[in-house]
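Trainee: Provided below for reference: sequence and predicted model.
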Amino acid sequence: MPEPDFSPDSTMRTDVWLWAVRMFRTRSAATAACKGGHAHIEGQRVKPAQKITIGQTIRVRTPGGERILRVRAMLPTRAAAPIAQQCYEDLTPPPDPALRAPVPRRDKGAGRPTKKDRREMDRLRGRDSH
């Protein structure tokens with residue numbers, strides 16, 4: 001079982017670290033994210049082979065949404081989720097509750113919405129209809 005390396009002078013490739021701490025399912029997906037500009041360290045775009053150190057902040061766009069992570073430890077290879085979670089501090093703000101609201105659904109066979117129904121749906125979604 002791989003053990004996290006908490007020594008402050010250790011470095012690691014960005015794509016390997018993102019894969020090892022389970023931000024991406026494959027290393028090639030982590031590499032593609034870095035090449036595509038979806039990973040930033042301290043506000044700067046990152047190349048896959050760029051070295052990261054403990055204490056740096058990484059902002060990465062994953063399929064699950066954008067995450068902000070502070071590096072706490074290096075992990076030589078992919079490990080179980082509890083071990084991987086020791087290697088970073090998650091600084092991601094909680095999602096906006098308005099975005100998590102369920103999408104209004106109409107009953108099957110109810111036909112097209114009337115103008116009144118449409119206005120009510122727009123009001124629920126926070127859109128201003130004249």
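Mentor: Nice, thanks for sending it over.
Trainee: what about the helices in this structure?
Mentor: 14-20, 27-35, 81-85, 115-125 (DSSP state H).
Trainee: Ok, which of these comes nearest residue 65?
Mentor: Residue 65 sits nearest to helix 27-35 of all those, at 13.0 Å, using C-beta to C-beta. Backbone N, C-alpha and C define where each C-beta goes, glycine included.
Trainee: buried stuff in that closest one?
Mentor: For helix 27-35, burial by neighbour count (16 or more other C-beta atoms under 10 Å) applies to 27, 29-31, 33-34.
Trainee: before we move on, what about stretch 65-83?
Mentor: For stretch 65-83, by 16+ other C-beta under 10 Å, it's 67, 69, 71, 73-75, 78-79, 83.
Trainee: Closest to residue 114 out of those residues?
Mentor: Distances from residue 114 to the buried residues of stretch 65-83, taken by C-beta to C-beta, are shortest for residue 67, at 42.3 Å.
Trainee: coming back round to it: which one of the helices of the chain lies nearest to residue 2?
Mentor: With respect to residue 2, and counting by C-beta to C-beta, the nearest of these is helix 81-85 at 7.1 Å.
Trainee: what does that closest one contact?
Mentor: Contact with helix 81-85 is made by 1-4, 20-22, 75, 78, as judged by C-beta atoms under 8 Å, 6 or more residues apart in numbering.
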